[in-house]
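Visitor: for reference, the sequence and a predicted model appear below.
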Amino acid sequence: MPKAVVVRATGGPEALEHTEVEAKSPGAGQLLVEVAAAGVNYIDTYHRSGLYPMPLPFGLGLEGAGRVVGVGPEVTGFAEGDRVAWASAPGSYAEQAVVPAAVAVPVPEGVADETAAALLLQGMTAHYLVASTYPVRDGDTVLVHAAAGGMGLLLVQLAKARGARVIGTVSTEAKEALAREAGADEVIRYDREDFAARTRQLTDGAGVAAVYDGVGRTTFDGSLASLKPRGVLALYGAASGPVPPVDPQRLNQAGAVYLTRPSLTWYTATREELEWRAGELFEAVRSGALRVRIGGRYPLAEARRAHEDLEGRRTTGKLLLVP
């Protein structure tokens, strides 16, 4: 019987159970995939903890890559043996996963399975943030929080590719080096100084056009204070916890700024959009324009340790579970 990571009761990393599960068969519109690698993402910790409720019990994980071993009825465009990747198939922490064909994309030659598994969820998130939520223009200055994390490193590179001056925040010297290597023009050590005040200094008091904030509660006030008038705060995650309710008048006081809480679901709402974002990312990897840093590989049985390391901010780049 195949093995998977299952949550029977929400809680901390100890809630993750590596166990045998029933062998699956693909239904209508589905693919059965032998998982080569599964991506570990912060949203997985929200599902595990119950912050984003899921019907119990459930298989954890949304993202992965592997080879198709079964094709269900009503599926076109995929065949057994194809390499595919996906960013939104629940139960991806597994040796085998049932993946809706509608969310799967072919992995092109020149892109390794692990790279594909590490790229899609965070990569398409970074893509919609800089291409759609606030479309970065040449000459813009933007602020990227957690610039040495899996998301941060991709955001820095994609924003730089669009001509931005990028300011990143990090917490250690090693993470500062990684952010600079990815192309960050300025790096703020938020463990040492007020990032909002420093951002104002670096922009001669003007503020930044956009803040890409996946941290949430602990950075929100400073993110607002870092924006120029009519700037955009894209709050795409809550690694430090959810932001308390916000009085809209604060947006006026900050300079008629915009606050949005985007998610990947709404930016891959059509097959055309999914293929556009994934295709641009794969091509950037193939050309060498985008580098994907895999910061940790864990056996599937050690999913708990991966979550502990992620939430303990002991990681850089992307974490993968390898069955």
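Guide: Thanks, I have the structure now. Numbering: from 1, shown residues only.
Visitor: which parts of the stretch 151-300 of the chain are helices?
Guide: Listed in chain order, the helices found in the stretch 151-300 of the chain under DSSP state H, counting those that start in this stretch are 173-182, 195-202, 220-226, 249-253, 264-267, 271-287.
Visitor: want to try a markdown table for those helices, with mean neighbour count as columns?
Guide: C-betas here are computed from N, CA, C, even on glycine. Output for the helices of the stretch 151-300 of the chain, formatted as a markdown table (neighbours: other Cβ atoms under 10 Å):
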| stretch | mean neighbour count |
| --- | --- |
| helix 173-182 | 18 |
| helix 195-202 | 19 |
| helix 220-226 | 22 |
| helix 249-253 | 11 |
| helix 264-267 | 15 |
| helix 271-287 | 17 |
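Visitor: what are the ranges of the strands in the stretch 101-250 of the chain?
Guide: Under the criterion DSSP state E, counting those that start in this stretch, strands of the stretch 101-250 of the chain are mapped to 105-106, 141-144, 165-170, 186-189, 208-213, 227-235.
Visitor: nearest to P90, of those strands?
Guide: Proximity to P90, assessed across these by Cβ to Cβ, is greatest for strand 105-106 (17.2 Å).
Visitor: so what are the sheet partners of the closest one and their directions?
Guide: Taking DSSP bridges as the criterion, strand 105-106 forms sheet pairs with strand 83-86 (antiparallel).
Visitor: okay, which residue is most central for this protein?
Guide: Nearest to the geometric centre of the chain sits Q122, at 2.7 Å (Cα atoms, centre = their mean).
Visitor: from L129, how far off is that one?
Guide: When Cβ to Cβ, to the nearest Å is the yardstick, Q122 and L129 sit 10 Å from each other.
Visitor: what do you get for F78?
Guide: From F78 across to L129, the span is 29 Å (Cβ to Cβ).
Visitor: check D82 too.
Guide: Per Cβ to Cβ, D82 is found 29 Å from L129.
Visitor: give me the more crowded residue out of these two.
Guide: Under the criterion of other Cβ atoms under 10 Å, the comparison of D82 against L129 puts L129 first, with 29 against 17.
Visitor: the more buried one reaches G214, doesn't it?
Guide: No. Taking contacts as Cβ atoms under 8 Å, L129 lies outside contact range of G214: 9.4 Å.
Visitor: which residues are common contacts for these two?
Guide: Listed as contacting both L129 and G214 by Cβ atoms under 8 Å, 6 or more residues apart in numbering are Y236.
Visitor: including distance to R162 and mean pLDDT, could the helices of the stretch 151-300 of the chain go into CSV?
Guide: Conversion of the helices of the stretch 151-300 of the chain to CSV gives the following (distance: least, Cβ to Cβ, whole Å; pLDDT from 0 to 100):
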stretch, distance to R162, mean pLDDT
helix 173-182, 14, 95
helix 195-202, 19, 98
helix 220-226, 19, 97
helix 249-253, 25, 98
helix 264-267, 16, 96
helix 271-287, 12, 96
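Visitor: adding distance to V69, write those out as JSON lines.
Guide: What follows is these, written out as JSON lines (distance: least, Cβ to Cβ, whole Å):
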{"stretch": "helix 173-182", "distance to V69": "36"}
{"stretch": "helix 195-202", "distance to V69": "47"}
{"stretch": "helix 220-226", "distance to V69": "44"}
{"stretch": "helix 249-253", "distance to V69": "50"}
{"stretch": "helix 264-267", "distance to V69": "26"}
{"stretch": "helix 271-287", "distance to V69": "21"}
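Visitor: can you say which of those is nearest to A9?
Guide: Judging these by Cβ to Cβ, what sits closest to A9 is helix 264-267, at 26.0 Å.
Visitor: returning to that earlier point: nearest to R305, out of the helices of the stretch 151-300 of the chain?
Guide: Among the helices of the stretch 151-300 of the chain, helix 173-182 comes nearest to R305, with 20.0 Å by Cβ to Cβ.
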